[in-house]
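Visitor: Could you look at this predicted model? Sequence included:
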Amino acid sequence: MTDLTIRPITDEEYPAFVKAFMDGFAEDIPADDFPSYIRTNLPPELTLAAFDGDDIVGTFGGLDLTLTVPGGAQVPMEGTTVVTVFPTHRRMGLMKRMMHMHLDNAVEAGKPLAGLWASESGIYERFGYGIATYCDAIKMDGRKVAFRDEIEVDRVRRIPVEGASEILGPIYDERQRETPGMWARSDGWWYDILADLDWMKNGRTKLRIVVHDGPDGPDGYALYRQKGGDSDDWHDNGTVHVLEVIANTPRATASLWSYLTNIDLSPNVKYNNFPVDDDLGPMLKEGRRIQRVFKHEALYVRILDVIAALEARTYQHDGEILIGLKDSFRPHTAGTYRLTSEGGVGRCAEVDETPDVTMDVEVLGAIYLGGPGAFGYAAASRIQGAPEAIDRLNRLFRTAREPWCNWVF
Ligand SMILES: CC(C)(COP(=O)(O)OP(=O)(O)OC[C@H]1O[C@@H](n2cnc3c(N)ncnc32)[C@H](O)[C@@H]1OP(=O)(O)O)[C@@H](O)C(=O)NCCC(=O)NCCS
């Protein structure tokens, strides 16, 4: 083993970089022109690779994302992706070194937040990332799903994948701007989502898209694939694999889910990233027909600039709290911060006073978007403070609705 160096890759090294991270995720590089597909959102200058001599043995990617926070502000977020280290070089501190460089780059670029989806929980809290949003993996038997009598549904229409982003983009943007936890989609991301490469099918059909038209134009859509049933069951046990449902009105929500649960020969409906406080359940005669198979971690948030992050979001209550923050991975983020909320607007400053509550930076990341409240973390001794202060913290940070991040990056 020679000296291990870490640097961004060059353009020529891109195919080797992609091969390396696919290897890290136990996959071979697909036959499609995968490197140029990945390159759309991850240009070489946003990568890091660990080299052992000329060989890439570790990979890391940064994504330029913008996140909606409570109140609707659009905050720059460094997305963290394709984190792998070869088994031959594991537990030598390579990931940790790349993480330091990655977060330094994000701070230098002025990003108050970093975020990721984790393949394994247990890795990222040590770097200051907290679980800020959750999703439910659900399944339904469409034959048993019935809408309440007063719920009206419309027919939806199929559209081709080619050119679809022109219709889907504005619908997504409207929802994204008002939903904490969702990130803005550039043209590059629409290319990524609609590319529909062969390897993405995984034994299922190509991408299918339906759109709901409201009085003022398209206001909802669903992306899905199907898998036909087998002949032993007369082909009638197929599955609808939902990839995304974005609905900006209750009628669009009902119409799209009514469509998805009424496709002949495909009664099994599955979706991994269903919101935890959804609007669909109350529309059904029996809400329990949405079977919540498991609740899983979605977006992890890492706060890099405490003052910018806390001032970017709004608060539902007026009040003040002194937060003592610990950060072993980036110690200069630690300190005591006074957060004051007046009329929903937050003001934050670093102060030299005794904090009301203390916590590690990953806990602040977890409660930042208003999802998991403070009480569970207090019960686990991960927030320390008097019961009154924990209650105040919880009232300040919680939001009326749960944040939602519906797409993995
Ligand atoms: C996860 C992975 C990137 C770790 O790389 P690595 O270079 O071995 O990690 P490091 O040596 O830098 O470890 C840094 C710290 O994280 C810990 N850690 C590493 N992998 C971990 C894991 N899977 N679970 C829990 N802790 C882990 C280490 O014990 C170490 O802890 P310490 O700082 O207390 O000593 C590597 O094992 C891998 O490629 N796994 C497969 C792909 C994957 O899961 N990637 C994550 C994508 S989201």
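Guide: Received, thanks.

Visitor: domains for this protein, by residue range?
Guide: Annotated domains of the chain cover 4-111, 135-296, 306-360+379-397 [automatic domain parsing].

Visitor: nearest to the ligand, of these?
Guide: domain 4-111 (3.4 Å; C-beta to the nearest ligand atom). (Glycine included, C-beta is placed from N, CA and C.)

Visitor: any bit of the closest one sitting next to the ligand?
Guide: Yes - Domain 4-111 lies within reach of the ligand by C-beta under 6 Å from any ligand atom, at 24, 25, 83, 84, 85, 90, 91, 92, 93, 94, 95, 96.

Visitor: among these, which two are most distant?
Guide: Within the residues of domain 4-111 next to the ligand, two members stand farthest from each other by C-beta to C-beta: 25 and 93, at 20.7 Å.

Visitor: For this structure, which segments count as helices?
Guide: Using DSSP state H, the helices of the chain run over 14-24, 34-39, 94-108, 165-178, 187-194, 198-201, 250-260, 306-312, 361-367, 374-379, 387-397.

Visitor: From residue 18, how far off is residue 39?
Guide: Relative to residue 18, residue 39 is positioned 8 Å away (C-beta to C-beta, to the nearest Å).

Visitor: higher neighbour count, these two?
Guide: Between residue 39 and residue 18, residue 18 has the larger neighbour count (other C-beta atoms under 10 Å), namely 24 against 18.

Visitor: what about the residue nearest to that one when sequence neighbours are not counted, neighbour count?
Guide: Distance criterion C-beta to C-beta, 6 or more residues apart in numbering; nearest residue to residue 18, sequence neighbours excluded, is residue 35 at 4.5 Å. Counted with other C-beta under 10 Å, residues neighbouring residue 35 total 15.

Visitor: which parts of this protein sit against the ligand?
Guide: 24-25, 83-85, 90-96, 118-120, 122-123, 126.

Visitor: got the contact list for the residue of the stretch 151-300 of the chain found nearest the ligand?
Guide: Distances between the stretch 151-300 of the chain and the ligand by C-beta to the nearest ligand atom are smallest at residue 300, namely 9.4 Å. The contact partners of residue 300, taken as C-beta atoms under 8 Å, 6 or more residues apart in numbering, are 115, 116, 117, 118, 124, 129, 130, 131, 132, 365.

Visitor: Apply 7 Å and report the result again.
Guide: 115, 116, 118, 124, 129, 130, 131, 132 (C-beta atoms under 7 Å, 6 or more residues apart in numbering).

Visitor: per-residue confidence for the first one?
Guide: The score at residue 115 is 98. That number is its pLDDT.
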